[in-house]
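Undergrad: got a predicted structure here, sequence first:
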Amino acid sequence: MTVPAAASVRDPNRYRPPAIGGLADLLDRHVRERPRARALVVTGDRVELSYGALSALADDVAARLGGTGLRRGDVVGLACANTAEFVVALLGGARAGLVVAPVDPALPASQVSARLEALGVRALLTGPSAGEAAPVTPSGVPAWPLRVAVSRAGTASAALNADAPAPATAARGAARELTVGDALVLFTAGTTDQAKMVPLTHANVAASVRGICATYELGPGDATVAVMPFFHGHGLFAALLASLASGGCVLLPARGRFSAHTFWDDMRAAGATWFTAVPTIHEILLDRSAIDHPGPRAPAHSPPLKFVRSCSAPLNAATQRALERALGAPLLSAYGMTESTHQVTSEPLPRHGSLKHGSVGRSTGVELRVVGPGGRPCPAGAEGEVWVRGATVARGYLADPAETERSFGDGWLRTGDLGTLDEDGYLFLTGRIKNLINRGGEKISPEHVEDVLAGCPGVAEAAVFAVPDATYGQRVGAAVVLSRGESVGPEEILRYCRARLAAFEVPDRLSVVAALPHTAKGGLDRAAVGALYADAADGTDAADRHRGPGLT
């Protein structure tokens, strides 16, 4: 089944997404029309930074970068927490005509260096690291610290230490494949060996931002708190760039990272009308909602939440319903990936369409197709691979022609995700092709089993993985984390599963653990889960209780 590209807003005259060409002109309209409007709320003192001040900082940094010997089209790395320095470096780099490649500042220096070397960056812009993390110190390229000072009055200045010159060499590494239209290079989630380099053009960025703004009708009256890191698409496009392009405001939490302890205070300080996060964080907020969420105690000047967004990993339907009750706002599930410049689909705002729990909504500006063998479109309700085509789709991977050929063709991105489309064009994801467990010829989606496990009373999170088996090839293993204060046992959990899963899908081995490992952007780290529990689970009876290591 194919769903054509369509805007999520039915009446195009009712809401007009921002007219931008990419990163360089993202702020222009608001600087002209409302320069004193707040763009960011920064530092632990929650100081407001206006659009005019932010634009001036970006221009200042662009001029300084232009004096370093870098040429238009050169690529620079950016390692920084969610602070004003990240935003200024990103926009300043774009205005200088550079391609910016954000990296996770929490990665070991060896991994940062490996990624920068593979890409062929000319220099690395560095800002504050999240929390107490050590500053990034890569080898092979100069690191240029950037610091932004903001006074309580809202005046600001930037200092860029570029004393160490960039090497005066021709483009090297994957940078040789970049084009004049490129704005960003993002690294996909994974280890150094697994991470791929995705080039995104200014046109990709503009199409993505317009689609996100149109989906949620974001405007100058909206504000949010930055929960997700900006070095991945979720936080970068959905929270930061869409807010700035639409004239809204983003609060950057103290020390540049999410804190459940201060989150609702941050939301009130920003006057936030929405936020976006991964299911792991939603679970944390739900677990603490009775204590932290202001509810009816919210001050009169605090606007109600218009919606809450979830993306980057499957959200359990029971969690979605519970959050909606706790927060008093619709929770909209979305779906995206780095290769599509983040968002592909989303549940619509309630006034524009139905909310279908368990789905990730409908197209937000791209063409969707669910295909079977040979690339033939599947009928409604039939499972197949999800393909995406449109203005947000990248051209391929840098320095990886084989993977580009496997994943891209005729304008289509073959996502590797399994799903179905219903008659209304809503997408229901059912798993990842590469994650399927083959138990004696029966193909099992670990995501489906995880969804059932997470619905069991007392279970907060679940991970399902393949366990090697001499007879069946693979069996089903599972590790679960219990909700705070719960003491449900493995046999009770398995009994719950037997009533809701096919016999071959029920876990053969189940462990109760203290915590599960996650990737930097909040998704379940399946490689780490398998390494931790697959071998141990092979020798553990499913009815035994095993308390695994606490992982973050």
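TA: The structure has been received and is ready for your questions.

Undergrad: how about residues contacting the helix or strand where Leu286 lies?
TA: Secondary-structure assignment from DSSP states H and E places Leu286 in helix 279-292. Residues from elsewhere that reach helix 279-292 (Cβ atoms under 8 Å, 6 or more residues apart in numbering): 227, 258, 260-261, 263-264, 277, 293, 308, 310, 313-316, 319, 322-323, 326-327, 331, 460-461, 483-484, 518, 522-523. In short, each C-beta sits where N, CA and C put it, glycine included.

Undergrad: buried ones in stretch 26-34?
TA: 26-31 (16 or more other Cβ atoms under 10 Å).

Undergrad: ugh, wrong one, stretch 399-413
TA: Those would be 399, 404, 407-408, 412-413, for stretch 399-413 by 16+ other Cβ under 10 Å.

Undergrad: any low-confidence regions in this protein?
TA: By pLDDT under 70, the low-scoring segments of the chain are 6-13, 130-138, 170, 190-194, 293-303, 521, 536-552.

Undergrad: can you list the domains in it?
TA: 2-421, 436-538 (automatic domain parsing).

Undergrad: Leu427: which of those is closest?
TA: Closest approach to Leu427 among the domains of the chain (Cβ to Cβ): domain 2-421, 5.1 Å.

Undergrad: from what I can see Asp422 touches Phe428, true?
TA: Yes: counting by Cβ atoms under 8 Å, Phe428 is a contact partner of Asp422 at 7.0 Å.

Undergrad: anything in contact with each of the two?
TA: With Cβ under 8 Å, 6+ apart, Asp422 and Phe428 have common neighbours Ser359.

Undergrad: what separates the residue nearest the centre of the chain from Ala5, distance-wise?
TA: Closest residue to the average C-alpha location of the chain: His234 at 2.7 Å, with Cα atoms, centre = their mean. Distance, His234 to Ala5, by Cβ to Cβ, to the nearest Å: 22 Å.

Undergrad: can you check Pro304 too?
TA: 32 Å.

Undergrad: all helices for the stretch 101-250 of the chain, in order.
TA: For the stretch 101-250 of the chain, applying DSSP state H, counting those that start in this stretch gives helices covering 109-119, 202-216, 233, 242-245.

Undergrad: rewinding a little: residues of the helix holding Leu286 that come out buried?
TA: 279-286, 288-289, 292.

Undergrad: ok, so of the residues you listed, who is nearest Arg95?
TA: Ile281 (32.3 Å).

Undergrad: neighbour count: Pro304 and Ala5, which is higher?
TA: Counted by other Cβ atoms under 10 Å, Pro304 and Ala5 do not tie: Ala5 has more neighbours, with 16 against 9.

Undergrad: just the helices of the stretch 101-250 of the chain: most buried one?
TA: helix 233 (a mean of 29; mean count of other Cβ atoms under 10 Å).

Undergrad: which elements pack onto that helix?
TA: Packing partners of helix 233 (3 or more Cβ pairs under 8 Å, 6 or more residues apart in numbering; DSSP states H and E): none among the helices and strands.

Undergrad: the residue nearest to the centre of the chain and Val278 touch, don't they?
TA: Yes: taking Cβ under 8 Å as the definition, His234 is a contact partner of Val278 at 7.2 Å.

Undergrad: intersection of neighbour lists for the two?
TA: With Cβ under 8 Å, 6+ apart, His234 and Val278 have common neighbours 228, 311-312, 521-522.

Undergrad: mind putting those into JSON lines with neighbour count, distance to Leu349 and secondary structure?
TA: Output for these, formatted as JSON lines (neighbours: other Cβ atoms under 10 Å; distance: Cβ to Cβ, whole Å; DSSP: H, G, I helix; E, B strand; the rest coil):
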{"residue": "Met228", "neighbour count": "25", "distance to Leu349": "21", "secondary structure": "coil"}
{"residue": "Cys311", "neighbour count": "27", "distance to Leu349": "15", "secondary structure": "coil"}
{"residue": "Ser312", "neighbour count": "27", "distance to Leu349": "20", "secondary structure": "coil"}
{"residue": "Lys521", "neighbour count": "20", "distance to Leu349": "25", "secondary structure": "coil"}
{"residue": "Gly522", "neighbour count": "24", "distance to Leu349": "24", "secondary structure": "coil"}
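
Undergrad: now render these as TSV, adding distance to Pro377.
TA: Converted to TSV, the shared contacts of His234 and Val278 look like this (distance: Cβ to Cβ, whole Å):
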residue	distance to Pro377
Met228	33
Cys311	25
Ser312	27
Lys521	31
Gly522	32
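
Undergrad: once you drop chain neighbours, what's closest to Thr276?
TA: Leaving aside its chain neighbours, Thr276 sits nearest to Arg309 (3.8 Å; criterion: Cβ to Cβ, 6 or more residues apart in numbering).

Undergrad: burial count for that neighbour?
TA: 25.

Undergrad: wait, it touches Ser346, no?
TA: Yes: contact criterion Cβ under 8 Å: Arg309 and Ser346 qualify, at 7.4 Å.

Undergrad: what sits in contact with each of those two?
TA: With Cβ under 8 Å, 6+ apart as the test, Arg309 and Ser346 both reach 216, 332-334.

Undergrad: buried residues in stretch 451-463?
TA: 451-456, 459-463.

Undergrad: which of the residues you listed fall in strands?
TA: 459-463 (DSSP state E).

Undergrad: what sits against Ala402?
TA: So Ala402 contacts nothing (Cβ under 8 Å, 6+ apart).

Undergrad: against Glu117, how distant is it?
TA: Distance from Ala402 to Glu117, by Cβ to Cβ: 20 Å.

Undergrad: how far off centre is stretch 338-356?
TA: 14 Å (Cα atoms, centre = their mean, to the nearest Å).

Undergrad: where's the residue lying farthest from the centre of the chain, which helix or strand?
TA: Within the chain, Thr471 marks the point farthest from the mean C-alpha position, 39.1 Å out by Cα atoms, centre = their mean. Per DSSP H and E: Thr471 is located in neither a helix nor a strand.

Undergrad: next, the contact list for it, please.
TA: Gly440.

Undergrad: report the backbone C-alpha coordinates of stretch 36-47 in CSV.
TA: The C-alpha coordinates for stretch 36-47 follow below in CSV (Å, rounded to 0.1, in the frame of the first residue of the first chain):
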residue,chain,number,x,y,z
ARG,A,36,13.0,41.4,21.0
ALA,A,37,11.0,38.2,21.3
ARG,A,38,12.6,35.5,23.3
ALA,A,39,14.3,32.7,21.3
LEU,A,40,16.1,30.8,24.1
VAL,A,41,16.0,30.6,27.9
VAL,A,42,19.5,29.7,29.0
THR,A,43,21.8,29.0,32.0
GLY,A,44,20.8,27.9,35.5
ASP,A,45,19.4,31.4,36.0
ARG,A,46,17.0,30.9,33.1
VAL,A,47,18.0,34.1,31.3
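
Undergrad: picking that back up, Glu48: which of the buried residues of helix 279-292 is nearest?
TA: Among the buried residues of helix 279-292, and counting by Cβ to Cβ, the member closest to Glu48 is Asp292, at 23.9 Å.

Undergrad: how close does that closest one get to Gly409?
TA: If you go by Cβ to Cβ, the gap between Asp292 and Gly409 works out to 47 Å.

Undergrad: next: Leu332.
TA: 31 Å.

Undergrad: partners of Trp387 in the sheet?
TA: Under DSSP bridges, the beta-bridge partners of Trp387 are Arg369, Arg414.
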